[in-house]
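**Student:** Build me a model from this:
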Amino acid sequence: MTLVVGTAAAGPQATPAPAAPVVFPVLGPTTYSDDFGQPRPGGPHKGIDILAPKRALALAAEAGKIKFWKSSASAGCMIYLYGTSGTTYYYIHLNNDLTRRNDNRGKCVAGTAYAKGLKNGAKVSAGQVIGYVGDSGDANGLHPHLHFEVHPGRGSAVDPYQTLQHATHLLFAAPRGMPFTLKLRGKVTAVSEDALRLKTRSVSAWPMAQKQPTMTRNLLVLVPSSAIVQSVRKLGVPGAAIDLMSAEQGQSVELWTSAAPTTLKAERGDDVALSASLISLVAP
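**Tutor:** As a prediction, the model looks like this:
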């Protein structure tokens, strides 16, 4: 598959992903820094605090088995994820509020701290929703965040900063096999007769009602012959049918994907894991 921009003769080639990257443990916008080892009242910080909105989805970094932990006053609601690689991940300060306020009226149970329907001891897949970000334990009243620890070989905690830096951010999260549709908005970077590469600036997912309004990702999407390609004056209105090859680099685009069953490749946005059903290109 050779991509071109306009009538250029050659285009960008797909670059291989890092070997076995983990899934970033929170879906959506986050803020974090390398605060591992910083002095804290209970000793050096053993993880990294990932700031995120309350009840943001906490995701399994890799496939493995989970264990609920509810009896720590400092950790609050917590999950151990025993990864199949031999690494253990700690998810600390999960949600314990029943409302948007800091009410502390919830318990460390599925649906509040842990993903709805999740059971203690369950096997989980990479990227599966396992909990909700909060401020339980000694984070009470602070900005909601996930305290995330990495313990290779079930041993001592190591700095997870590089793990997070190289982790894969998912476009969406849903149970494997569940039908999904995405709306991607961004700019065209390259095009071929059967594919379009775009620099995505936002993604919305249905029927999960998930939206990431500030995502920046380069995605290569398959464009089958059945896809509708149109030129529009503004997004969200009908337009005139055009040939995909007339797309220009830097042109604003809105792309709806075909309904398809959820896979990890689709959640990650792997090259041609997504297929377009409707492409709207904003006329210059």
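
**Student:** how far away is the most centrally placed residue in the chain from D35?
**Tutor:** By C-alpha atoms, centre = their mean, the chain has its centre lying nearest to L170, at 2.5 Å. Look at L170 and D35: by C-beta to C-beta, to the nearest Å, they are 24 Å apart. In short, each C-beta sits where N, CA and C put it, glycine included.

**Student:** ditto for P261
**Tutor:** 39 Å.

**Student:** try G28
**Tutor:** Plainly put, G28 is 20 Å away from D35 if you go by C-beta to C-beta.

**Student:** From the neighbour counts alone, determine which of those two ranks first.
**Tutor:** A side-by-side neighbour count of G28 and D35, using other C-beta atoms under 10 Å, places G28 first with 21 against 14.

**Student:** where's that one, which helix or strand?
**Tutor:** Under DSSP states H and E, no helix or strand contains G28.

**Student:** Phi, psi for the closest residue to the residue nearest to the centre of the chain other than its chain neighbours please.
**Tutor:** Among residues not flanking L170 along the chain, E267 sits closest, at 4.5 Å (C-beta to C-beta, 6 or more residues apart in numbering). Backbone dihedrals for E267, given as degrees, to the nearest 10, come out at phi -60, psi -40.

**Student:** how about E267, what does it touch?
**Tutor:** G127, L170, L171, F172, A173, A174 (C-beta atoms under 8 Å, 6 or more residues apart in numbering).

**Student:** can we see that at 7 Å?
**Tutor:** G127, L170, L171, F172, A173 (C-beta atoms under 7 Å, 6 or more residues apart in numbering).

**Student:** so S252 sits right up against P284, yeah?
**Tutor:** No: here S252 lies out of contact with P284, judged by C-beta atoms under 7 Å, at a distance of 9.3 Å.

**Student:** Of the two, which one has the most company?
**Tutor:** For S252 and P284, the more surrounded residue by other C-beta under 10 Å is S252, and the numbers stand at 18 against 8.

**Student:** Against P53, how distant is the nearest residue to the more buried one once chain neighbours are set aside?
**Tutor:** Distance criterion C-beta to C-beta, 6+ apart; nearest residue to S252, sequence neighbours excluded, is V282 at 4.0 Å. Noted for V282: a distance of 30 Å to P53, by C-beta to C-beta.

**Student:** next one: N104
**Tutor:** From N104 over to P53 the distance is 18 Å, taken as C-beta to C-beta.

**Student:** With neighbour numbers in mind, choose between the two.
**Tutor:** Each of N104 and P53 has its neighbours counted (other C-beta under 10 Å); N104 has more, 15 against 12.

**Student:** Please verify my assumption that that one contacts N96.
**Tutor:** Yes: using C-beta under 7 Å, N104 is in contact with N96, at 5.9 Å.

**Student:** quick one: strands adjacent to the helix or strand hosting L281?
**Tutor:** Element membership for L281, per DSSP H and E: strand 276-282. Applying DSSP bridges, strand 276-282 is found paired with strand 228-232 (parallel), strand 252-257 (antiparallel).

**Student:** got the ones you listed as JSON lines, with mean pLDDT and distance to G117 columns?
**Tutor:** Output for the strands paired with strand 276-282, formatted as JSON lines (pLDDT from 0 to 100; distance: least, C-beta to C-beta, whole Å):
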{"stretch": "strand 228-232", "mean pLDDT": "95", "distance to G117": "37"}
{"stretch": "strand 252-257", "mean pLDDT": "96", "distance to G117": "26"}
